[in-house]
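>>> sequence? don't have it. structure:
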């Protein structure tokens, strides 16, 4: 009987120790689901004669390798851009269209969730590229049949 009580106490203690983590994990999953497909953008204006940068990022429920290969294939098919560099190992791609350049990175959060980030800057005398980087993110989302929208 004493052995049963010890086993029961250990099992109960293990269960009780795990309970506080379940709500926290559920909240993280809730937050992550709310962030899926929401495009966030940021613009940094020109400073000290250097061009400004525009950034757009989105979390997708897709493997990072698939997101990168989709973006790379789209760049290869787009005759108006030229690929300056691509590295499948680091999932990094640089493209140019005229004097405008953009760098695309894909980071893996886990096997099924990744983050697509695009940073672009305009050439001398050109305006902001923010709409262009957001449109690029939207095109990748559409190609992958993912619903994405610009967040606030």
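Happy to help now that I have it. Source: prediction; values computed, not measured. Numbering: from 1, shown residues only.
>>> Assign the residue positioned nearest the centre of the chain to helix, strand or coil.
Geometric centre of the chain, nearest residue: residue 115, 1.7 Å, by CA atoms, centre = their mean. With DSSP: H, G, I helix; E, B strand; the rest coil as the basis, residue 115 sits in strand.
>>> what are the ranges of the strands in this protein?
38-44, 53-60, 82-87, 92-97, 100-110, 113-121, 149-150 (DSSP state E).
>>> Can you add distance to residue 76 and mean pLDDT and give those back as CSV?
Quick note: C-beta positions are derived from backbone N, CA and C, even for glycine. Below are those laid out as CSV (distance: least, CB to CB, whole Å; pLDDT from 0 to 100):
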stretch, distance to residue 76, mean pLDDT
strand 38-44, 23, 81
strand 53-60, 20, 87
strand 82-87, 7, 95
strand 92-97, 10, 92
strand 100-110, 13, 90
strand 113-121, 17, 88
strand 149-150, 26, 86
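>>> will you turn those into CSV that also has distance to residue 131?
Below are those laid out as CSV (distance: least, CB to CB, whole Å):
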stretch, distance to residue 131
strand 38-44, 9
strand 53-60, 8
strand 82-87, 21
strand 92-97, 13
strand 100-110, 12
strand 113-121, 10
strand 149-150, 10
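>>> Tell me the spacing between residue 56 and residue 105.
Note on residue 56: its distance to residue 105, by CB to CB, to the nearest Å, is 12 Å.
>>> And for residue 111?
Residue 111 is 18 Å from residue 105, by CB to CB.
>>> Which one's more surrounded, the two?
Per other CB atoms under 10 Å, whichever of residue 111 and residue 105 has more neighbours is residue 105, with 19 against 9.
>>> What's opposite the nearest residue to that one once chain neighbours are set aside in the beta bridge?
When the adjacent residues along the chain are set aside, residue 105 lies closest to residue 117, with 4.8 Å between them (CB to CB, 6 or more residues apart in numbering). Bridge pairing for residue 117 (DSSP bridges) gives the partners residue 57, residue 105.
>>> domains for the protein, by residue range?
1-35, 36-150 (automatic domain parsing).
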